[in-house]
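Enquirer: test case, fold it:
(chains A and B)
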Amino acid sequence: MENAKPKIGWLCAFAPEEIAMAAGLFPMRLSGGGESAAVADAYIYSNLCPYVKSILALGLNGETKHLDGLVFVRSCDGMHRLYDVWRSYVGTRFAYMLEVPKNQDEAAVEYFAGQLRKFARALEQEFGKEITLESLNKAIKTTNQMRTQMQHIYQLQRKLPLPLSGSEVFQLGLEGLSMDKKSFIAKLKKYYSDARSLAKQRGKESKARVLVSGNVIDRPDLFNIIEAAGADVAAADLCTALRYFGHLVDEDSGDPYLALAHGYLSKLRCARMTGLNERLTEIRELVDAYAVDGVVYTSVKFCDQHLADAPYFVEKLKDEGVAVLFLENDYTWGTRGQLTTRVEAFVEMLDSRRR
Amino acid sequence: MLKSFYEGMKKSAEEECQKRPRAWLMYVIQMTSTLLKAFEDDAKVVWTTYYSFPMELLAAFDVVPFDFEIGCNLLPGVDPKGCVDIMTKAEDRGYSIDLCSFHRLALGSYFLGYFPKADLLLTTSHFCDGKTKANQIFAQYYGKEAMMLDVPNELSKESVAYVSNQLQGIAHKLEEVSGHKLDFDRLQECVRASNRARIAYGRLGELWKTKPFPWDGSRLCNLSIIGNMFSGTPFQEQLYLKIIEECQQRMAEGKVAPEEFRVLWLAWFPAQRTNINEIFRKNKVSIVMSELARVYWDELDEANPFEGMALRCLKNPYVGSIEQRLNGVLQLVDEYDVNGAIHFSTTACRHANASVRVINDALISRGIPFLDLDGDMSDMRGYSAERTRSFLETFIEVMAARK
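Expert: Model prediction:
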């Protein structure tokens, strides 16, 4: 049933799937899967975020033909320009650039609500289905159910010792980004109901706990490396984890667009937003909430926003006694050997601190 | 160190100006005087972005505008090796070499204590991600507030209101920083000065269409960015009028350099010392226009200055989809009758470089030779003189073949 609907791709966790769902579409995240994207270099500047390039490569390779549309967000300079290049060299039936403010005050929320209404009108015009107050509120409820269900699982991860494998939870979330919501909710419920037995299988061994913070990760390599080194990943402050699943939108509001604008702009900050210290505070709160022993802060190469934040965050967190490891990655996690050595040393340090 | 550098620049420009008063020297004196004011104890220093922030608003408050990108990127033209040492200070603190050299140089300058104080740090979202981020980092280091003028990517009644309201909020903050209320008449006066300068700048642009080109292309590129620090002040118009006068005089006296090829410059011109001018001189190539020197905005509405300033931000060629930028480029190609266009792609400038292929294809389809010249604005480690020579000479051959 869901599969019969027109499919619309999205790229950034600021894209409100609820509106696409209300327009009768099947929203799914477009992921480069952590694969390299050499073909894109002929069309887009090479010193650019590898995630952006991987998306372009999918388009150039004809791997996005299943999509009826694609929603871009002006999340960064790279995404802004991907929209230009996409329309010039790939093309989709529908390509839309959604404007998301970088500020989070009331004026920004109002403005964003207006942009969401505009987006809704564009979808109605293109796909011919009216978005009603009822259909939008219904989509908000469904998406909230999905997020709430995932948050239940995240909540379990606050326990000591970590009840569920961090890599497994992350992988589960990744799969959900491209699944239809109802099937995913069912899958999450099943996983949650199995949690007790899964926890039993994992045993009671107490390991060092890590928060992974950064931008976009589309494969579980880093999680696997951390786990293989003898630590647990308790939480992931990523576009593909907490920053997607961590917020809810007011249900049954008289103005669902305003509710969506508020919900999305008040979620966990990504580096594109203003408020450097506020973001640092959010990371500190995650450190406390998930009782982690250390933070692995990671960024894909050429991400000006995350790369610029890194030294400041590392310095501040270290000053406060939080162990931090900064890892730059190429999105494909290709330099695995080097990363493994650094992660192993970090975990060893965390273990020695815990003794 | 920066202070003594500006003092030296100012002194030598003043001495030269005594002997031979020239527009460029007046410009250097005014620029360095403004930068030096930022070091005065009682100055109210507002960090900003000369090219994209509406400077009229700052002029209305008589605060000292300081652009950290410009402030330290005057150095690479004089001491490229010293600049590498400064950038290394930032890199040693963990700032990635993949970040723009402008920002690494600025961060290094901060760590070395070269910068003046900051009372407020303003920037805009439509310049680049790196600048907005560096602005926030500096605000933390200085313990001062950072405000970002969030300029959306679309032009509509709503976006004009959104930007205009933010500017009014920034004006309130400037009232706190400067210690006096906004004088609306004064703001209108600054807007009028800006509008007069816009007309003079347009006249200058008309003059640059003359064959052969009567001025200096690299100075044109420099002025298109740094000249904006004077927006809202009477000096900006005076400067443009003086340049017009000098160009006309040079033309009347037949002292204009011979010209074989006319080039449109896209994106930024290197701040560091390069061999580009030397190659151009040898081959009689003139940079006759820069995409950043285009008068892309309408006259600011004096009755509604906040809306006027908001509109100009929203019409910036780097806002919106590539068409907004491309249309401006194509307009200049036609108006300036160029033989080719060169895009200087400084290594980390994602917002200028990322969709350069679209510009390349549009120009090539019109039969205009195009060169995407890689290099680095300020970091000599990312600039190869020989590679640049080879690319430029080949490009000149292509232009010659098309003539």
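
Enquirer: helices along chain A, start to end?
Expert: Counting by DSSP state H, chain A has helices at residues A:17-22, A:50-60, A:77-89, A:106-127, A:133-156, A:166-176, A:181-202, A:221-228, A:242-245, A:256-265, A:276-289, A:304-319, A:336-354.

Enquirer: contact partners for the residue in the stretch 51-200 of chain A that chain B sits nearest to?
Expert: Here the stretch 51-200 of chain A gets closest to chain B at one residue, A:Arg81, 3.2 Å apart by C-beta to the nearest C-beta. Where you see a C-beta, it was placed from the backbone N, CA and C, and this is true even at glycine. If you count contacts by C-beta atoms under 8 Å, 6 or more residues apart in numbering or on different chains, A:Arg81 has them with A:Ile44, A:Tyr45, A:Leu48, B:Ile322, B:Arg350, B:His351, B:Ala354, B:Ser355.

Enquirer: can you lay out these as a markdown table showing distance to B:Ala23 and pLDDT?
Expert: Shown next, in a markdown table, are these (distance: C-beta to C-beta, whole Å; pLDDT from 0 to 100):
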| residue | distance to B:Ala23 | pLDDT |
| --- | --- | --- |
| A:Ile44 | 40 | 94 |
| A:Tyr45 | 36 | 91 |
| A:Leu48 | 39 | 93 |
| B:Ile322 | 35 | 95 |
| B:Arg350 | 35 | 93 |
| B:His351 | 31 | 91 |
| B:Ala354 | 36 | 92 |
| B:Ser355 | 35 | 92 |
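
Enquirer: returning to what we had before: now mean pLDDT too, for the helices of chain A, in CSV please.
Expert: CSV is the format used below for the helices of chain A (pLDDT from 0 to 100):
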stretch, mean pLDDT
helix A:17-22, 98
helix A:50-60, 95
helix A:77-89, 95
helix A:106-127, 98
helix A:133-156, 97
helix A:166-176, 97
helix A:181-202, 93
helix A:221-228, 97
helix A:242-245, 97
helix A:256-265, 98
helix A:276-289, 96
helix A:304-319, 96
helix A:336-354, 95
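
Enquirer: can you list those helices in TSV and add distance to B:Met87?
Expert: Below are these laid out as TSV (distance: least, C-beta to C-beta, whole Å):
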stretch	distance to B:Met87
helix A:17-22	42
helix A:50-60	24
helix A:77-89	21
helix A:106-127	34
helix A:133-156	41
helix A:166-176	36
helix A:181-202	47
helix A:221-228	29
helix A:242-245	32
helix A:256-265	35
helix A:276-289	22
helix A:304-319	14
helix A:336-354	24
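
Enquirer: out of those, the one nearest B:Gly328 is which?
Expert: helix A:77-89 (14.3 Å; C-beta to C-beta).

Enquirer: kindly calculate the angle that that closest one makes with helix A:304-319.
Expert: 160 degrees (axes from the mean of the first three to the mean of the last three C-alpha atoms, to 10 degrees).

Enquirer: next, count neighbours for residue 221.
Expert: Reading this off chain A. 18 (other C-beta atoms under 10 Å in any protein chain shown).

Enquirer: other chain: chain B
Expert: B:Cys221, neighbours per other C-beta under 10 Å, totals 22.

Enquirer: give me phi/psi at it?
Expert: The phi/psi pair for B:Cys221 (degrees, to the nearest 10) reads phi -60, psi -40.

Enquirer: wait, doesn't it sit right on B:Ile287?
Expert: Yes: between B:Cys221 and B:Ile287 there is a contact at 6.7 Å, judged by C-beta atoms under 8 Å.

Enquirer: list residues touching both of the two?
Expert: In contact with both B:Cys221 and B:Ile287: B:Trp265, B:Phe269, using C-beta under 8 Å, 6+ apart.

Enquirer: my read: A:Ala261 touches A:Val109, true?
Expert: Yes: using C-beta under 8 Å, A:Ala261 is in contact with A:Val109, at 4.8 Å.
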